[in-house]
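Asks: quick one, fold the following:
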Amino acid sequence: MDGPVGTHPMNPRNTIPARRKPPGDGEKGGEDFTAPLGSATSGRLRFTKGAHRVAVRADSDVRGLYLARFGDRMPTVGVRGGLVTIRYPRFQAPDWLNYRSEHPAEVALNVRIPWDIDVRGGASRFVADLSGLRLGSLSLDGGTSNIDMLLPTPSGNVAVVILGGASNVAISRPEGVAARLRLHGGATNLTFDDRRIGATGGELDLRSRGYEDAVDRYDIAVTGGANNMSIERQRGNREGADRDQEGE
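Replies: Next up is the predicted model:
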């Protein structure tokens, strides 16, 4: 199996083995993979063949570009500038059952630069705690299930896109941050802030109060339908709740 690879600092077309970071005292199992931040002013994390049992988080202690630890399924990891590409070998559906007890892969991102996150090929049991990260965009393509995401405070209009359907997905954003949900393909058991929708077909366009005037906000788009999906605010000390309005 191909191992993790990076790019040669003097010749980006040549690849070199990714640097492995030895486990610290008291750490058990697995190996850490990292790459220097170098001159990168932005980052992009890209999964090209799915992300299954993966936890992504923002980490102020990461000094390099990223820090990752993988379980039994070792992907190929490529690093070029600020782009981190993770590619798992393709599995048949029954083979995933053999990894139910596997510890999730963990990917920590440097919070000093903004990031875009792009998952292609589907995602399941995917957890993202992006608190403190400067998020440019987030895309999940290929169907998603059992997803839990904690979004950071946005800067500008930030797009979150889920293509191919969503099942058992929970998305939280900071209290006071405006959001819009555009959904194509119908929904069952959908929660958008204080609005509950048992079942609906066709298209939905839901917006939190103040969305139109907000500069920093989330624009969430889902295609392929949704089942058991929630998009909610993190509850803070502010009293009252935004009222949702259905867009025209």
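
Asks: quick one: strands adjacent to the helix or strand encompassing residue 205?
Replies: Per DSSP states H and E: residue 205 is located in strand 203-208. Sheet partners assigned to strand 203-208 using DSSP bridges are listed as strand 178-184 (antiparallel), strand 244-246 (antiparallel).

Asks: can you give me the buried ones in the helix or strand that that strand is followed by?
Replies: Scanning forward in sequence from strand 203-208 by DSSP H and E, the next helix or strand is strand 217-223. By 16 or more other CB atoms under 10 Å, the buried positions in strand 217-223 come out as 217-220, 222-223. (C-beta placed from N, C-alpha, C; glycine too.)

Asks: burial count for residue 72?
Replies: 11 (other CB atoms under 10 Å).

Asks: how about residue 198?
Replies: Around residue 198 there are 8 residues (other CB under 10 Å).

Asks: would you agree it is in contact with residue 188?
Replies: Yes: counting by CB atoms under 8 Å, residue 198 touches residue 188, with 7.0 Å between them.

Asks: any chance of the buried residues of strand 217-223 in JSON lines, plus distance to residue 155?
Replies: Listed next are the buried residues of strand 217-223 as JSON lines, based on distance: CB to CB, whole Å:
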{"residue": "217", "distance to residue 155": "10"}
{"residue": "218", "distance to residue 155": "11"}
{"residue": "219", "distance to residue 155": "13"}
{"residue": "220", "distance to residue 155": "16"}
{"residue": "222", "distance to residue 155": "23"}
{"residue": "223", "distance to residue 155": "25"}
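
Asks: tell me the one among these nearest to residue 90.
Replies: Ranked by distance to residue 90 (CB to CB), the buried residues of strand 217-223 are led by residue 223 at 23.5 Å.

Asks: mind listing what residue 110 touches?
Replies: 37, 43, 59, 62-66 (CB atoms under 8 Å, 6 or more residues apart in numbering).

Asks: which among those residues end up buried?
Replies: 37, 43, 59, 62, 64-66.

Asks: among these, name the ones in strands.
Replies: 43, 59, 66 (DSSP state E).

Asks: switch those residues over to CSV; also include distance to residue 166.
Replies: Shown next, in CSV, are those (distance: CB to CB, whole Å):
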residue, distance to residue 166
43, 25
59, 26
66, 26
